[in-house]
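Trainee: attaching a predicted model along with its sequence, questions to come.
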Amino acid sequence: MTLLSPILALSITVLVAGTLFIALDKDPVRALSLFLVKPFQGTWNLTELGLKITPLILCSLGLALCFRANVWNIGAEGQFVFGAIGGGGLAMWVTTHGVEVSRWGFFPFVIVAGALAGAAWAAAVAYCKDRFHANEILVSLMLVYVANLFLTWLVVDPWKDPAGWGMPKTVSFAASTTIPRMFPGMRLHWGLPLALLAAAAMWMFLFRTFKGNQLQIGGLAPAAARYAGFSPRAALWTTLLTSGALAGVAGAFEVVGPSGQLNQGAASGYGFTAIVVAFVGRLNPIGCVLASILLSAFRRGGELAQGMQIPPALTGVFEGVLLVTMLVCDTFIHHRVRFGNGGPAAAASSRPTP
Amino acid sequence: MSLSASPDGVSSGTGPKRHEGGAPRLELRHVTKRYGHVVANDDVALAVAPGEIHAVLGENGAGKSTLMKIIYGAVHPDAGEILWDGRPVRIGSPHDARALGIAMVFQHFSLFETLTVAENIWLGLPRSTKLRDVEARIDAKAREYGLELDPTRHVHALSVGERQRVEIVRALLGDPRLLILDEPTSVLTPQAVEKLFVTLRQLAATGCSILYISHKLDEIRALCHRCTVLRGGKVVGSTDPTKETIAGLSRLMIGADPPRVVRAPPHPGVMALHVLDLSLPQVDRFGVPLDRVTLEVREGEIVGIAGVSGNGQQQLLAALSGEDPRAPANAVRLFGTPIGRLGSGARRRLGLHFVPEERLGRGAVPGLSLAQNLLLTRREAIRGFGWIDRRHLHGQTKGILGRFRVAAPGTRAAARSLSGGNLQKYIVGREIDAVPKVLIVAQPTWGVDVGAAAQIRAELVALRDAGCAVLVASDDLDELFEISDRLYVIARGRLSPPVPTAAATVEQIGQWMSGLWEREQETVHPAPGANA
Amino acid sequence: MTEILAKSIASTLAAGTPLALAGLGLLVNERLGVINLGAEGLMLVAAITGYAVGVHTGSVWLAFCAGALAAALLAAVFGWLVVWLNANQYATGLATSLFGAGFSAFVGVDYVGRQLPWPADVPDPAASLWRIAFLDHHALVFVAIALAPALWLLFWRTRTGLVLRAVGESPDAAHALGYPVRRIRFAAVLAGGALCGLAGAYMSLVQPRLWAEGMVQGGGWIALALTVFATWRPARLVFGAYLFGGVRVLELTLQGQGVHVPSQFMSMLPYLSTVVVLCLISRNPAWIRLNMPASLGKPFFASQ
C-alpha cells in the first residue's frame, strides 16, 4: 500500500521522460537507461552513485523528521551550505596552519563541525518561529539565499586561495583531512555507512521511542499533543536542530570528501532534492534510503546524459514530475480508501470546535 | 428529569390545519442511503402535512441527520423518491431545496464570524437583493416573531442563542414552506427553548411545515403534532407524541427501557481540586474571558458544571487540565499544591486526568492505533531511554478494551475507525484505568448512543464511589441531574455558587444559565462555602 | 540629488512591480483559503515561456499572454490537486516550485544569453524628473498599482467580494448556503497563477530583461511573505512590494556610491529584511489570527 503510489509515480515519470526524449529527438530507450540502468553498472558508477546517496539520505532523514512533526523546514539547502562552511573551514584551518592530523582522527571533527554549523543555521529558523512565530517555511527558505551569498563572500574574499588565480575557491585541503575512502581509487567514503546508520537510528527513534512518538503526535494532531502535555517548543527545536545537524554533516562530507575544497558549487541542490526524497520515501527512514538511491540515479543520469547533448537540468524536471505525480497518486489512492471503508461512523464522531 | 415544565396541554387543540384529502407538503417513499457497508437510511417513509410540526426522533447514529441532508439536497439517496406537494421532485443541491421553499437551521451553524448579521443573511438571499433592504427586512421579520436581533452586529460578538436567531431569521426571510431544525435546543437555556417553541408554533400556524429533529422526548411531546421514530436507519414507528408517554417514546427510540444510573449518596472526603478567584483574559476575540471563578471538588463526589456551550466551559477546562497554563499558580490547587502554571503532563503526574470534549484530534489522534493513543496519557509502557515496550503497550490496551467493553477490531485499529460511542468508552476507560485522584470530563456522552452513555455514566459514578473527585461539564442538563451531587452553572465566563443537585430545579438552573444568580443568591442559597 | 531621487523612485517602481503583481495574486488565493507555495515555480515558468515566445515572435503582448497562460496552466495542476483532490497544500506547492525550477532551467538552456528582438525602453534623457520618476514606466507598473484599489473594491464593496471572503472564512458554511466552494477556489487559484505569471514575465521581458536559470531569485517566496506582511490587504501589499523594491534599489545605489560593504552582504538585504519583517509582523499570533482568512491552508471536504 505504502509502496503503491511511489511505484506508480515512478512509472508515470518514466513515461513522461520517454515522451520528453522523443520530443527532443533522442533515442528514449538509450536515454532512459542512462537514468535508470547505467548508474548501477560498474564499480565506478556504483561508487559515484553512493557518493550522491550519502547527502540525500542525511538531508532527507532530517526533513522526514521535521515534516512528521509538522515543522516545515525547507531550507535544508542552507543548512547544508553552512555545514560545508563549518567542515570546510575546519579542514582549511588545519591545512593552512599545517596541523598534523590523521584521516580517521580528523573524521569525527569534520562531523562535529558540520553538525554544529548546520544546526546553528537551523537554530536561526527555530528561534524566529519560537520567539516571533514567524513562518518557518519562508524563514528557512530566505536563509538559503543568505547562506549561499555568505558562502560566495567567503570564497571570493576572506577564504580565497591566494594562489588560485582569483578563482572563487579556498585552498585544496591537505590530503590528511579528507574523509577515509571505502575503496582505493574510488571517491566513495565512509560517510555512506554512517548515513545508513543514521537512517536506522532515525527509524528506531521515530517508531520505537516515546520521544519520537511525541514529535509525530505533535504533527498529526497539535490539540492532542497539547492535551497530552507534549511541548510543541521542544518538538520545534529538536526537529530543526536535528535536521540542521544532519544536513550540515552532509555538507561537510561533500566538501571534505569528494571536493577537497570549498567553492561556490558547494550549494549543489541536495537540500532541495532531499525534499522530494523525503516525500517519495513516505517520510519513513527506510523509504528515504530507497528514494535516495532513485533520486541519486536521476542526478547521476543527468551527468551521464550530457554525452547525449541532454541538458542536466532535466534531472530537476524529473524530480518535480515525480513528486507531483506521487501526490496525485497518493490522493487517488487515499480517496479510494476513504470512500471504501471510511463510512459515516468516522465522520459522525468528530465534533467541530465552535 | 423533565426539561419543560408541563409538556401536556400545551400542544393539544392546536393541531395543524390538515387539508383533508390534500397531498402532504413533503413525502418520502422507500428512501435508502448507504455509506459503504453501513445503511444510514433503510427504506424510510415520511409524510409531513402543511402546517404540521413533525418530529424525527432517534438516538445518535439512527440516521436522522442523513435523512435531513437528503431532504435538503446535500446528500443524494441511493434509492427511493421524494414528493413535494404530491409531485415527485429531484433535490440535487441545497439550491434546489431552497427553490422549492425548504429552509434548514443547522445544529452547527453555518455562519461567518467576521461578517455582520445582515451580511450573513444577505449571503443566503437571491443576488438581486440590496444590503440595505436586507437590514429592513431583518428588522421586520424579527419583530413579527418577537426575536431580538441587531443586523449591524458582527456574528463573533453574538451568544450561541443569538446566533441561532440569525439562522432562524435567515430561514424565515426565504418565506419557507418547510423548515428543518436539527437539534435546535442543545444550545439553549430551558427558558429560551420555551421562546423558540412560541416562534415555531406561530410559524406553523401560517401554514409552514416544520421538521423537528431531536432526541429530547419531553420537547417533542410539548411541541410536535406527529413523530416519526428512527432506529438503526429504519422507521420503527410513527405516532402522535402527545398521546404517548415519555417511557413509551423512549422504548420506541431505543427498543428497550431507558437505562438508569443507580446512585448511592455521596461520601465527600478532603478537598481535591480547588479553584480560587481564577480570572483569565481571552486568547483572541472569539474566546471567553474567565471572571473570578471559584470552584471546589472533593474526593468521592461528582460535581457538575451546567451552562449553554460557549460560555467559558472550554476556557475553564483548559485552565484546569493544564492545556492553558496561564493561570496564577495559586488560583488552581490540587490537594493544596498550586498547579496553575503546570502543563497538562505535570498535572497528570500529580493525579489529575482529563477527558476532553473533542474525541478525534484531541482526546485521540485519528490516524494512530488505539495502542499508540494510549501513550497520550499513559506511561506504563515506557522503559529506559524512552524505549516503548510494545508488548506491554498492547497488553495494556487490550486490558482497557476488555474492561470497558469497547467494540474494536483490536489494539492496532485506528482511533478514527471506531464509532463515537466506542471511542468515548476507550478514552474515558483510558483515564479511569489510570486510577486518577481527580477526573475532569467534558461532555461525557455527547454524540454517544444510549447504551454507551449509560455505561459511561455508571463508570463515572463507580469512580466516585471509589473515592475519586469527578468534575463533569455538560450541555446536557438531564445528564448532570442524573449523575452529579452538586451543580455549578457557568455563564459568560462566570461561575455560579454551587447548589446540591437534590435541592436544584431545572427552572432555577435554567435561570442561572442566563447568568441570573446574584439576585437570588442572598435569599435562596446562603453562599455554600468552603467549610472543610 | 533630485535626479538620483527621481531615478531611485523609478527603479523602485520597476523593481517592486513583479513583487506587487505576484503578491496580489497570492493574496487573492489566500483570501480564498489556498496558500500556493509554488509561486516561485510559477514565476520561473512564466519568465521562460514569456521570454521564449518573445524571442520567437517578437511580440511583447504575445509574450506576456504566454507567460500568464503558462503560469495559470501550472497553477491549474496545483489547484486541481489541492482544491479538487484535497492534497496537502504545502507539499503540493513545494512540488510545483521544484517542478517549475527544473522545467524552466531545462527549457531555458537554449535561451541563456539570447536577446529579445525588440529594443529596450531607453528613458528619454530630456524628460523631466517628474516624468522619469512617475510616468516613464511599463504599463504593468500602473496595472499593479491600480489593482490594489480594484481588489479592495471587489472584496469589500461588492456582493461577489462578500461571497469570496465568506468562502475563505468558512468553506463549510458557504457550501451549506449552496455556493460552489471548489469552483470558486479553483478560479481564484487560476487568477492568482496568472498574476504570478505576469510578474514572472515582467522579470524576463522588462526588468532585468534577460533569462537566467533561477532568475526570480526568491521573488515568489518574498511575495508570499508580503501577504503576511500586508495582513491580507491589497493596498498594504502593494506598499510592501515597493518597500522591498526600494531595498533592492538601495542595495544597488549604495554599491554605486562606493560604500565599502561586500556586495554579497548587500544582496542579502532583501532576504534578511524578509525574515525581519516576518518576525516583526508575526510577533503577536492573536493579531495574525484575527486578520488571517480562517480557512487558510485547510482542505475543504464537502459533506457527502
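Mentor: In hand now; what should we look at?
Trainee: contact partners for residue 45?
Mentor: Reading this off chain A. If you count contacts by CB atoms under 8 Å, 6 or more residues apart in numbering or on different chains, A:Asn45 has them with A:Lys38, A:Pro39, A:Arg300. No exception for glycine: its C-beta is placed from N, CA and C like everyone else's.
Trainee: that's the wrong chain, I wanted chain C
Mentor: Counted by CB under 8 Å, 6+ apart, C:Val45 has contacts C:Ala70, C:Ala71, C:Leu74, C:Gly100, C:Phe103, C:Ser104, C:Gly197, C:Gly200.
Trainee: for the second one, which non-adjacent residue is spatially closest?
Mentor: Nearest in space to C:Ala71, with sequence neighbours left out and distances taken as CB to CB, 6 or more residues apart in numbering or on different chains, is C:Gly197 at 2.7 Å.
Trainee: B:Arg326 too?
Mentor: Nearest non-adjacent residue to B:Arg326, counting by CB to CB, 6+ apart: B:Leu280, 6.0 Å away.
Trainee: so who does the one you found touch?
Mentor: B:Pro289, B:Leu290, B:Gln315, B:Ala319, B:Asp324, B:Arg326, B:Ala327.
Trainee: so what pLDDT did it get?
Mentor: For B:Leu280, the model assigns a pLDDT of 95.
Trainee: what about the contacts of C:Val45, which are in helices?
Mentor: Those of these mapping onto helices are C:Ala70, C:Ala71, C:Leu74, C:Gly100, C:Phe103, C:Ser104, C:Gly197, C:Gly200, per DSSP state H.
Trainee: other SSEs contacting the longest helix belonging to chain C?
Mentor: Taking DSSP H as the criterion, chain C has its longest helix at helix C:2-31. Judged by 3 or more CB pairs under 8 Å, 6 or more residues apart in numbering or on different chains; DSSP states H and E, helix C:2-31 is in contact with helix C:39-57, helix C:129-130, helix C:139-157, helix C:159-169, helix C:181-205, helix C:219-229, helix C:234-256.
Trainee: next, give me the two most distant ones among the ones in helices among the contacts of C:Val45.
Mentor: In these, the most distant members under the criterion CB to CB are C:Phe103 and C:Gly197, with 13.7 Å between them.
Trainee: neighbour count winner among the two?
Mentor: Taking neighbours as other CB atoms under 10 Å in any protein chain shown, C:Phe103 and C:Gly197 compare with C:Gly197 leading, 32 against 23.
Trainee: quick check, the more buried one in contact with C:Ala70.
Mentor: Yes. At 6.2 Å, C:Gly197 counts as touching C:Ala70 under the criterion of CB atoms under 8 Å.
Trainee: overlap in contacts of these two?
Mentor: C:Val45, C:Ala46, C:Gly50.
Trainee: mind checking which helix or strand the nearest residue to B:Ala192 once chain neighbours are set aside is in?
Mentor: Among residues not flanking B:Ala192 along the chain, B:Gly161 sits closest, at 5.3 Å (CB to CB, 6+ apart). B:Gly161 belongs to helix B:160-173 when assigned by DSSP states H and E.
Trainee: contact partners of that helix?
Mentor: A:354, B:103-106, B:109-111, B:117, B:120-121, B:124-125, B:134, B:137-138, B:141-142, B:145, B:147-149, B:155, B:158, B:179, B:184, B:187-189, B:192, B:196, B:199, B:203, B:308-310.
Trainee: how far off centre is it?
Mentor: Distance of helix B:160-173 from the chain centroid (CA atoms, centre = their mean, to the nearest Å) equals 18 Å.
Trainee: so for that helix, what gets flagged as buried?
Mentor: Residues of helix B:160-173 classed as buried: B:160-173 (neighbour count, 16 or more other CB atoms under 10 Å in any protein chain shown).
Trainee: dump those residues to CSV, plus pLDDT.
Mentor: As requested, these are exported to CSV (pLDDT from 0 to 100):
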residue, pLDDT
B:Val160, 81
B:Gly161, 82
B:Glu162, 86
B:Arg163, 88
B:Gln164, 88
B:Arg165, 89
B:Val166, 91
B:Glu167, 90
B:Ile168, 90
B:Val169, 91
B:Arg170, 90
B:Ala171, 89
B:Leu172, 90
B:Leu173, 89
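Trainee: ok, the residues you listed vs chain C, which is closest?
Mentor: B:Arg170 (8.9 Å; CB to the nearest CB).
Trainee: can you name the residues that contact A:Val101?
Mentor: Residues in contact with A:Val101 (CB under 8 Å, 6+ apart) are A:Val94, A:Phe109, A:Ala174, A:Ser176, A:Thr177.
Trainee: so stretch B:229-238, near chain A or not?
Mentor: No. Judged by CB under 8 Å from any CB of the partner chain, stretch B:229-238 and chain A are separated, with a smallest distance of 10.2 Å.
Trainee: what's the end-to-end length of that stretch?
Mentor: From its first residue to its last, stretch B:229-238 covers 6 Å (CA to CA, to the nearest Å).
Trainee: hmm, who's touching that stretch?
Mentor: Under CB under 8 Å, 6+ apart, the answer for stretch B:229-238 is B:39-46, B:56-59, B:62-64, B:67, B:226-228, B:239, B:249, B:252-255.
Trainee: turn the buried ones among those into a named PyMOL selection, would you?
Mentor: Restricted to buried positions by 16+ other CB under 10 Å, the PyMOL selection for the contacts of stretch B:229-238 reads:
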select buried, chain B and resi 39+40+41+42+44+46+56+57+58+59+62+63+64+67+226+227+228+239+249+252+253+254
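Trainee: please identify the helix or strand for residue 77.
Mentor: Because you didn't say which chain, this covers chain A. Short version, using DSSP H and E: A:Glu77 is in helix A:76-96.
Trainee: the intended chain is chain C.
Mentor: Secondary structure assignment for C:Val77, by DSSP H and E: helix C:60-79.
Trainee: now swap in A:Ala252 and tell me
Mentor: helix A:232-254.
Trainee: could you name the helices and strands sitting against the helix or strand that that helix is followed by?
Mentor: Sequence-wise, the next helix or strand downstream of helix A:232-254 (DSSP H and E) is helix A:270-280. If you count contacts as 3+ CB pairs under 8 Å, 6+ apart, helix A:270-280 packs onto helix A:43-68, helix A:76-96, helix A:232-254, helix A:285-304, helix A:314-341, helix C:89-108.
Trainee: please state the offset of stretch A:36-53 from the chain centre?
Mentor: Relative to the centre of its chain, stretch A:36-53 is centred 18 Å away, using CA atoms, centre = their mean.
Trainee: so which bits of it are buried?
Mentor: Quick answer for stretch A:36-53 (16+ other CB under 10 Å): A:Leu36, A:Lys38, A:Pro39, A:Asn45, A:Leu46, A:Thr47, A:Glu48, A:Leu49, A:Gly50, A:Leu51, A:Lys52, A:Ile53.
Trainee: up against chain B, what does chain C have?
Mentor: C:159, C:162-163, C:165-166, C:169-170, C:172-174, C:176-179, C:286, C:289-290, C:294, C:303-304.
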